[in-house]
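Colleague: Just a sequence and a predicted model for now, questions to come.
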Amino acid sequence: MKKIIILTIVFFTIQTQAQLVQGELKIDENSKAELSFKGNKAVNLYADFRENKHKINFVFTSTDIPLNSDKKEVVQFVFSTTVFKNGKNIGTMKRSPMPFFPGDMFMPIETFDFISILSNLQTNAEDKISEIPAGSYEIIIEAKPIGTKGNISSARLFLKIN
C-alpha cells in the first residue's frame, strides 16, 4: 500500500510539471511600445506594420509537450486583442486556436484585431473611413496556450491621436 501511495505522489508530481509553456510577445523589441504614425487613419497604422516599420515578435519555449505524428512539439494558442480608449474598454476580439512550434517568430499584424477595432470606431461615411477618433489608446495583445501550464507575457501598445 505504501508503494502505491508513493507511486501515485510521484506520478502526480511529474504530471504537474509536464507540458509547460513560457514566452512573450513584444512590439519593436519591447513589452510596451508607444507608436506614432502618419495621420489618424487605422489603414496607415496597418501599412506601417506591413512595411515592417513595427514588428510583433512572438517567442516561446516548451517543456514536455507530447510530439505529434511528425515528431514535433506543437502548442495551440488563442490570440486576443483588447483596446482601451481613455481608459475605457472599447473592444475585445479573440481568434480561434492556432498551432505553433516553439521558437522565435514575427507575427503578421492580421494575427491581432486592433486595426479592425480602431477602424470601425467612426461611421463609414466616405470622409471617415478608417479614421481613429482623437484620444489616448492602449492596446493589449495576448497569446494564451491551450492545454498547458505556463504563461506568455502580453504586449501593450500606446497610441495618442490628436
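Modeller: Perfect, I can see it now.

Colleague: show me where the protein has strands.
Modeller: The residue ranges that make up the strands of the chain, judged by DSSP state E, are 20-27, 32-35, 56-63, 75-85, 88-94, 98-100, 103-107, 135-145, 149-153, 155-161.

Colleague: Out of these, which gets nearest to residue 128?
Modeller: When those are compared by Cβ to Cβ, strand 155-161 sits nearest residue 128, at 13.5 Å. Where C-beta positions appear, they are placed from N, C-alpha and C, glycine not excepted.

Colleague: returning to that earlier point: closest to residue 49 out of the strands of the chain?
Modeller: For the strands of the chain, proximity to residue 49 was assessed by Cβ to Cβ; strand 56-63 is nearest, at 7.5 Å.

Colleague: what residues does the closest one touch?
Modeller: Strand 56-63 is touched from outside by 17-27, 29, 49, 73, 75, 100, 102-109, 111-112, 141, 143, 145, 148, 150, 152, 155, with contacts defined as Cβ atoms under 8 Å, 6 or more residues apart in numbering.

Colleague: Which among the residues you listed count as buried?
Modeller: Applying 16 or more other Cβ atoms under 10 Å to those, the neighbour count classes 19-23, 25-27, 49, 73, 75, 100, 102, 107, 109, 111-112, 141, 143, 145, 148, 152, 155 as buried.

Colleague: Centroid-nearest residue for the chain?
Modeller: Among the residues of the chain, the smallest C-alpha distance to the mean C-alpha position (Cα atoms, centre = their mean) belongs to residue 142, namely 3.1 Å.

Colleague: and residue 97, backbone torsions?
Modeller: Its backbone dihedrals place residue 97 at phi -60, psi 140, with angles given as degrees, to the nearest 10.
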